[in-house]
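K.L.:
Sequence first, predicted model second:
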Amino acid sequence: MISIAIDGPAGAGKSTIARRVAQRLGYLYVDTGALYRAIALHMLREGTNPAVPEEVISRLDSVQVSLQYVEGEQQVLLDTENVSNSIRTPEVAAASSKVSAIPQVREFLLSLQRNLAKQNDVVMDGRDIGTVVLPNAQVKIFLTASLEERARRRWKELLEKGDADFNTVLADVKQRDEQDTTRAIAPLVQAPDAILVDTTGITLEQSIDRMLAVIHERLSQ
Ligand code: DC
């Protein structure tokens, strides 16, 4: 099986690019952030405070999270409920950032992620895929863009939905970077054997082409 690990900070275009790259290769696309978000949603629904590790850990036993693929699209399930849309809220995003810093939560999701890669060719995106989840992935890519560019992309997305202040968005992205890169467990770092792809100043299509070129080159070695 072939595994392509894609890690990088929020807002680098990871999920869009990884999904498209997986489509082009005919591999399964695994968005691991959705798993952390599903756990966060479960905790919020149960009235568990995601910022209190002991509470979250004691509730992990009641979580049934899984992924299924319908016409190639990933769906994340809590028990049998498809929560793929419900996890895309700012509240769940904030809670997922908190639960993802808890070692037991990361451990809880490890075998699920590894089993998917054992049974399928995958493009898996997250923060610790090349470093922790799939250290033997044939291709590792660290996808990034400058802080300003990532903030600008996020700001434009928000503007489409309503009002947004660029400096506030910039501060938010900066804070999330700080949290992701300084947490004690599985912090966001570039694996030594990962190839850096910087999407600052290039279009989505150019980013996809660059990724595919990197992947083909690595796989042919
Ligand atoms: O990529 P995302 O925004 O959907 O991720 C949600 C949260 O989960 C984010 O705060 C980082 C965390 N996460 C993680 O710690 N490890 C991963 N492999 C994927 C996501």
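P.N.:
It's in.
K.L.:
so what's V30 bridging to?
P.N.:
According to DSSP bridges, the partner residues bridging V30 are M124.
K.L.:
can you pull the pLDDT of it?
P.N.:
You'll see V30 listed with a pLDDT of 97.
K.L.:
That one and L143, how far apart?
P.N.:
Distance from V30 to L143, counting by CB to CB, to the nearest Å: 15 Å. All C-beta atoms are positioned from the backbone trio N, CA, C, and that covers glycine.
K.L.:
of the two, who's got more company?
P.N.:
Neighbours were counted for V30 and for L143 using other CB atoms under 10 Å; V30 has more, 27 against 24.
K.L.:
Spit out the contact partners of that one.
P.N.:
Contact analysis of V30 by CB atoms under 8 Å, 6 or more residues apart in numbering lists 67, 74, 113, 116-117, 122-125.
K.L.:
how close does the residue of the chain most remote from its centre get to the ligand?
P.N.:
Ranked by distance from the centre of the chain (CA atoms, centre = their mean), the top residue is Q221, with 27.3 Å. Here the distance between Q221 and the ligand works out to 26 Å (CB to the nearest ligand atom, to the nearest Å).
K.L.:
And for G126?
P.N.:
As judged by CB to the nearest ligand atom, G126 and the ligand stand 2 Å apart.
K.L.:
Tell me how many other residues crowd that residue.
P.N.:
Taking other CB under 10 Å as the criterion, the count of residues near G126 is 29.
K.L.:
Find the nearest non-adjacent residue to it, please.
P.N.:
If you skip the residues right next to it in sequence, G126 has T32 as its closest partner in space, 3.7 Å away by CB to CB, 6 or more residues apart in numbering.
K.L.:
same thing with L109?
P.N.:
Distance criterion CB to CB, 6+ apart; nearest residue to L109, sequence neighbours excluded, is L35 at 5.1 Å.
K.L.:
Name the SS class of the one you found, please.
P.N.:
Three-state assignment for L35 (DSSP: H, G, I helix; E, B strand; the rest coil): helix.
K.L.:
do stretch 51-67 and the ligand meet at all?
P.N.:
No. Contact of stretch 51-67 with the ligand (CB under 6 Å from any ligand atom) is absent, the minimum separation being 13.0 Å.
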